[in-house]
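# let's see this in three dimensions:
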Amino acid sequence: MTDMPLRHALAAGLALALLVACQRDDAPGPGALEKAAPATAPDAGQGDVRSGAHDDADAAPGLTAEGTDPVPDAGGAEYPSLVVATLDGASYDLSERRGRWVVVNFWATWCAPCIKEMPELSALDAMREHVEVIGLAYEDTDPETLRAFLQKRPVVYPVAIIDTYDPPRDFPTPRGLPLTCLVAPDGRLVKTFLGPVTAADLEQAIEAAGGPAPGQAS
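So this is what the prediction gives:
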């Protein structure tokens, strides 16, 4: 029985390793679960040390876990403002989106869970007239690199690059990615999700905040 402490130590070490959240230089192991843990994002003011897109989302780094729960109170203004320049050269002003539910999605090209949820967010934007999405690329990159990435993984919603040294002050500062904020038609920030979300998650949050039920028109 002298080997029991050693076994316990090895088991504890293995459990600790499995709890590490989505590091950029770790690849998903076999048998990974469907939902991924939020990827570790660069701290505000430090910038992203790796810019540029991965060619293969399936090869993008990240350990997986059994999903993440919504974060009900992650900071941010009750009625946030957001004015950004999008990749197509337009100006996006959140205050002009009154009357619609707006999904503000912080993401990065190096974040595997972010890439995985993009098609679903794009479909939600395209199929629900009362919902629109804005993607905020939270990383140190440039428009040309990001456009090249989006040519391979196109979305219908606008995308803007966010300065990691000066992120939008009215929204929670991302400590992990993806980070998704739901803004109601009256401009209130009603829900914040840390980790990947689905269209169903967002539609259920909309219904819970007084909006139409999933699949129904506004």
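# list of residues touching the host helix or strand of Leu202?
In the assignment (DSSP states H and E), Leu202 maps to helix 199-208. Contacts to helix 199-208, defined as C-beta atoms under 8 Å, 6 or more residues apart in numbering, come from residues 70, 101, 103, 120-121, 123-124, 128, 131, 180, 182, 190-191, 193, 212-215. For every residue, glycine as well, the C-beta is placed using N, CA and C.
# just the buried residues of these.
70, 101, 103, 120-121, 124, 128, 131, 180, 182, 190-191, 193 (16 or more other C-beta atoms under 10 Å).
# okay, and which of the residues you listed map to strands?
Of those, the ones assigned to strands by DSSP state E are Pro70, Trp101, Val103, Val131, Thr180, Leu182, Val190, Lys191, Phe193.
# farthest pair in the residues you listed?
Pro70 and Val131 (17.1 Å; C-beta to C-beta).
# let me know whether Ala39 touches Leu177 as I believe.
Yes. Counting by C-beta atoms under 8 Å, Ala39 does reach Leu177; the two are 4.7 Å apart.
# quick check: neighbours shared by the two?
Contacts common to Ala39 and Leu177, judged by C-beta under 8 Å, 6+ apart, are Ala108, Cys111, Pro113, Cys114.
# for these, pick the one with the most neighbours.
The most crowded member of the shared contacts of Ala39 and Leu177, judged by other C-beta atoms under 10 Å, is Cys114 (31 neighbours).
# sec struct for that residue, please.
With DSSP: H, G, I helix; E, B strand; the rest coil as the basis, Cys114 sits in helix.
# quick one: residues contacting it.
Ala39, Asn105, Trp107, Ala108, Leu177, Pro178, Pro196.
# identify the residue spatially nearest to it, adjacent ones excluded.
Trp107 (3.7 Å; C-beta to C-beta, 6 or more residues apart in numbering).
# likewise for Ala184?
Val190 (4.9 Å).
# please tell me how far that neighbour sits from Val83.
To Val83, Val190 is 20 Å away according to C-beta to C-beta, to the nearest Å.
# now do the contacts for Leu177.
Pro38, Ala39, Thr40, Ala41, Phe106, Trp107, Ala108, Cys111, Pro113, Cys114, Tyr138 are the contacts of Leu177 under C-beta under 8 Å, 6+ apart.
# what about 10 Å?
Counting by C-beta atoms under 10 Å, 6 or more residues apart in numbering, Leu177 makes contact with 22, 38-42, 105-108, 110-114, 138-139, 194-196.
# which of the contacts of Cys114 sits closest to Pro158?
The nearest one, if we look at the contacts of Cys114 relative to Pro158 and count by C-beta to C-beta, is Asn105, at 10.9 Å.
# which stretches of the chain form helices?
All helices of the chain, identified by DSSP state H, fall at 4-18, 112-127, 143-152, 199-208.
# need the winner for burial among the ones you listed.
helix 112-127 (a mean of 20; mean count of other C-beta atoms under 10 Å).
# so that one versus helix 199-208, what angle?
Counting by axes from the mean of the first three to the mean of the last three C-alpha atoms, to 10 degrees, helix 112-127 lies at 60 degrees to helix 199-208.
# I'd like the average pLDDT over helix 112-127.
Averaging pLDDT along helix 112-127 yields 98.
# which residues does Asn97 contact?
Not quite, residue 97 is Arg, not Asn. Leu82, Glu132, Ile134, Val183, Pro185, Gly187 are the contacts of Arg97 under C-beta under 10 Å, 6+ apart.
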